[in-house]
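In: here is a sequence with its predicted model. Questions after.
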Amino acid sequence: MQFNSYAKSLVVAVSFAVMAGCTSTGGSQDGSMDGTGSAGAAGQGVTSGQASGTQLGQGQGYGQGQGQDSRIPDQRTIYFDYDRDTIRPEFESVLNSHAQYLRSNPNVSVILQGHADERGTREYNLGLGERRAQSVERYLTVQGVSPSQLEIVSYGEERPAVDGHSEQSYAQNRRVVFDY
């Protein structure tokens, strides 16, 4: 009887370990401060023509070649201030573009990847990355995006966009990335 209980516990523990190992997704990260780098061009179903370096606010916040509501916005990264999870005003237009795209394409889902710089403990940074992604999620749902289209993953400090120990490097690592 005790062996049966031990076997069940072992199966549950192995199941959790397998699920934990499957929670990470691969892919490249956008390291440019304005979020217009080529993130998403590798392994995310976006052609290099769609990952053009056009900035929002210049009239073309979307990839090239299709109607406006059917293209994923080019700028897929927003940045945060040190130890903050509040959305900076300069990124509201980026979030509005993503909200419009997601509302127009209800079958599309996105993973909001929260990141932090290396300062702080691993646990704290995982929590901070999650709070940042939750802030973006709240903003998008207020804009009318269905919560079923949104998923949150926090990487904390584990996937830096830029290696380095300068304030500029830290600023590029405090981010949320839209992974379609």
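Out: In hand now; what should we look at? Residues are numbered from 1 along each chain as shown.

In: where do the strands sit along this protein?
Out: 77-79, 110-115, 150-156, 175-179 (DSSP state E).

In: okay, now the unreliable bits of the protein?
Out: 1-69 (pLDDT under 70).

In: residue ranges for the helices of it, please.
Out: 2-21, 92-104, 122-142, 167-173 (DSSP state H).

In: what angle do the longest one and strand 175-179 make?
Out: Think helix 122-142. Comparing the axes of helix 122-142 and strand 175-179 via axes from the mean of the first three to the mean of the last three C-alpha atoms, to 10 degrees yields an angle of 60 degrees.

In: what does helix 122-142 rub up against?
Out: With contacts defined as C-beta atoms under 8 Å, 6 or more residues apart in numbering, helix 122-142 is touched by 78, 80, 83, 85-87, 92, 95, 98-99, 102, 112-118, 120, 147, 150, 152-158, 174-176. Every C-beta, even on glycine, is put in place using the N, C-alpha and C of the backbone.

In: 6 Å instead?
Out: Identification of contacts with helix 122-142 by C-beta atoms under 6 Å, 6 or more residues apart in numbering yields 80, 85, 87, 95, 99, 112, 114-116, 147, 150, 152, 154-157, 176.

In: out of the residues you listed, which are buried?
Out: 80, 85, 87, 95, 99, 112, 114-116, 150, 152, 154-157, 176 (16 or more other C-beta atoms under 10 Å).

In: rewinding a little: I'd like the strands of the chain as a markdown table, with distance to residue 168 appended.
Out: As requested, the strands of the chain are exported to a markdown table (distance: least, C-beta to C-beta, whole Å):
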| stretch | distance to residue 168 |
| --- | --- |
| strand 77-79 | 12 |
| strand 110-115 | 15 |
| strand 150-156 | 20 |
| strand 175-179 | 13 |
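
In: list the buried residues for stretch 133-152?
Out: For stretch 133-152, by 16+ other C-beta under 10 Å, it's 133-137, 139-140, 145, 149-150, 152.

In: tabulate those (CSV), appending distance to residue 125.
Out: CSV is the format used below for the buried residues of stretch 133-152 (distance: C-beta to C-beta, whole Å):
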residue, distance to residue 125
133, 13
134, 15
135, 15
136, 17
137, 18
139, 21
140, 23
145, 26
149, 26
150, 21
152, 15
